[in-house]
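Engineer: coords below, sequence missing:
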């Protein structure tokens with residue numbers, strides 16, 4: 001289960017066995033903590049996919065495939081990289097692996113030029129070129145990209161299959177790379193503006209190695225005849241060029257929408273028609289719910305946040321709310337996993353009891369909580385499963401925040417827009 005993005009990481013509550021069903025108020029993140037039943041959150045939105053719709057991992061020499069146990073790593077921004085060293089914030093698909101990513105609180109729309117970028121972790125095998133005429137080669141692991149509006153009818157971006165079959169070594173020469181347009185995993189990336197698409201056939205003398213933006217490979221929905229898409233499917237073509245081990249196959253880093261549109265939930269009020277609910281504008285984005293274009297740059301607020309740009313400042317710099325989506329695996333011994341916020345982040349995970357929840361003094365009091373993992377460097381409590389069960393008639397909830405306390409969105413907010421704060425037991 002993976003919810004739409006929200007101003008907190010709230011997982012399904014875990015109930016004691018053999019207990020009659022009852023209302024659990026923290027299933028949806030923005031539910032009023034004292035409400036008698038769950039309520040839908042005012043979802044936040046950004047330019048990243050929200051869930052993994054399907055994942056078929058291909059074989060690798062040393063299973064499991066790299067980072068497949070923390071798949072949320074592909075549901076956030078690109079990881080840190082340089083032109084000569086690829087990002088390690090990736091998940092390997094294995095030889096012939098296939099993954100489908102879904103946008104749930106927004107969708108990619110066809111706009112002028114490229115509409116989204118897919119990032120792998122290619123890098124220059126040779127020194128980055130200083131001029132367009134310089135020779136070079138790239139450690140490229142091409143991937144086949146398809147998109148769909150409904151998750152059923154997928155349109156594959158065209159590519160030169162003859163050129164793809166000629167990728168037989170770890171380092172692909174410049175002349176062959178230029179014939180691989182239409183595939184992902186061919187353009188080196190580096191830490192930069194990931195909302196600026198790169199043209200692999202155009203050299204940018206002002207950027208490292210001639211790679212503009214953050215690198216990555218850009219795609220235009222018009223190429224496959226779609227006006228919008230919510231699903232992106234990526235397939236490793238099983239070229240057998242990877243180093244043997246756990247990282248064989250395409251190493252997926254991120255998918256970023258350049259032209260996005262938010263999707264409102266049932267009952268959400270949008271007075272100015274910009275795609276953001278009034279509550280999301282007032283309490284999350286701090287935009288004007290009566291003005292569709294708060295910063296006056298010509299783009300509606302909703303389109304800007306769905307494209308990871310600030311609705312408050314006329315800028316192309318990347319922007320998104322640091323919101324965590326949380327999923328519980330194996331309720332018998334609860335293990336949590338969540339999405340990626342960026343390289344070098346740490347996370348705290350806690351457990352609490354729903355009977356302790358209350359609204360008091362302008363805060364959502366979580367009561368006494370238990371710290372399950374303090375300053376986690378990965379996106380899961382793998383190895384620290386919570387074997388404790390609630391007493392009959394009670395239920396546990398789980399939350400994750402960006403660490404240290406005081407950064408990011410904390411543990412989020414109730415639907416009354418009160419910050420969630422533990423009374424004691426918090427991670428330190």
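Structural biologist: Perfect, I can see it now. The shown structure was predicted, so the numbers you read here are calculated from the model rather than taken from an experiment. Numbering: from 1, shown residues only.

Engineer: and residue 293, helix, strand or coil?
Structural biologist: Under the three-state scheme (DSSP: H, G, I helix; E, B strand; the rest coil), the conformation of residue 293 reads as coil.

Engineer: my read: it touches residue 299, true?
Structural biologist: Yes: Residue 293 sits in contact with residue 299 when judged by Cβ atoms under 8 Å, with a separation of 6.5 Å. Using the backbone N, CA and C atoms, a C-beta is placed for each residue, glycine as well.

Engineer: can you show me the helices along the stretch 301-428 of the chain?
Structural biologist: Listed in chain order, the helices found in the stretch 301-428 of the chain under DSSP state H, counting those that start in this stretch are 301-305.

Engineer: same question, the stretch 51-200 of the chain
Structural biologist: Across the stretch 51-200 of the chain, reading from the start of the chain, the helices by DSSP H, counting those that start in this stretch fall at 161-165, 174-177.

Engineer: beta partners for residue 54?
Structural biologist: Partner residues in beta bridges with residue 54, using DSSP bridges, are residue 100.

Engineer: neighbours of it, how many?
Structural biologist: Under the neighbour criterion other Cβ atoms under 10 Å, residue 54 is assigned a count of 12.

Engineer: so it touches residue 100, yeah?
Structural biologist: Yes: judged on Cβ under 8 Å, residue 54 makes contact with residue 100 at a distance of 4.6 Å.

Engineer: ok, so what distance separates the residue most central in space within the chain from residue 54?
Structural biologist: What sits nearest the mean C-alpha location of the chain, by Cα atoms, centre = their mean, is residue 75, with 2.1 Å. Summarising the geometry, the distance separating residue 75 from residue 54, computed by Cβ to Cβ, to the nearest Å, is 14 Å.

Engineer: and residue 139, by the same measure?
Structural biologist: Relative to residue 54, residue 139 is positioned 28 Å away (Cβ to Cβ).

Engineer: with residue 199 instead?
Structural biologist: Using Cβ to Cβ, we find residue 199 at a distance of 31 Å from residue 54.

Engineer: do residue 64 as well
Structural biologist: Per Cβ to Cβ, residue 64 is found 17 Å from residue 54.

Engineer: tell me the contacts of residue 147?
Structural biologist: When contacts are counted by Cβ atoms under 8 Å, 6 or more residues apart in numbering, residue 147 touches 108, 154, 155, 157, 219, 221, 224, 226, 229, 231, 232, 233.

Engineer: for burial, what's the neighbour tally of the fifth one?
Structural biologist: Right, residue 219. By other Cβ under 10 Å, the residues close to residue 219 number 25.

Engineer: and if you look at the fourth one?
Structural biologist: The criterion is other Cβ under 10 Å. On that basis, residue 157 has 19 neighbouring residues.

Engineer: same thing with the last one?
Structural biologist: The burial metric for residue 233, expressed as a neighbour count using other Cβ under 10 Å, is 21.

Engineer: confirm it sits in a strand?
Structural biologist: Yes: assessed with three-state DSSP, residue 233 lies in a strand.

Engineer: against residue 194, how distant is it?
Structural biologist: Residue 233 sits 21 Å away from residue 194 when distances are taken as Cβ to Cβ.

Engineer: could you do residue 119 as well?
Structural biologist: Counting by Cβ to Cβ, the separation of residue 119 from residue 194 is 7 Å.

Engineer: which neighbours do the two have in common?
Structural biologist: Shared contacts of residue 119 and residue 194, defined by Cβ under 8 Å, 6+ apart, comprise 78, 214, 216, 254, 256.

Engineer: so the fourth one is in contact with residue 77, correct?
Structural biologist: Read that as residue 254. Yes: under the criterion of Cβ under 8 Å, residue 254 is in contact with residue 77, at a separation of 5.9 Å.

Engineer: who has more neighbours out of those two?
Structural biologist: More neighbours sit around residue 254 than around the other of residue 254 and residue 77, counting by other Cβ under 10 Å; the figures are 27 against 23.

Engineer: just grab the bridge partners of the more buried one for me.
Structural biologist: In this structure, residue 254 has beta-bridge partners residue 119, where bridges are defined by DSSP bridges.

Engineer: return the residues in contact with it.
Structural biologist: Contact partners of residue 254, counting by Cβ under 8 Å, 6+ apart, are 48, 74, 76, 77, 78, 79, 118, 119, 194, 216.

Engineer: which of those tops the neighbour count?
Structural biologist: residue 216 (32 neighbours).

Engineer: in contact with that residue, which residues?
Structural biologist: Listed by Cβ under 8 Å, 6+ apart, the contact set of residue 216 reads 78, 117-120, 184, 187, 189, 194, 197-198, 253-254, 256.

Engineer: what does residue 180 give?
Structural biologist: Residue 180 makes contact with 140, 142, 159, 160, 163, 164, 167, 172, 186, according to Cβ under 8 Å, 6+ apart.

Engineer: again, but for residue 136
Structural biologist: With contacts defined as Cβ under 8 Å, 6+ apart, the neighbours of residue 136 are 124, 125, 126, 127, 128, 129, 174, 209.

Engineer: again, but for residue 159
Structural biologist: Residues touching residue 159, when contacts are defined by Cβ under 8 Å, 6+ apart, comprise 144, 180, 181, 182, 183.

Engineer: mind redoing it with 6 Å?
Structural biologist: 182, 183 (Cβ atoms under 6 Å, 6 or more residues apart in numbering).
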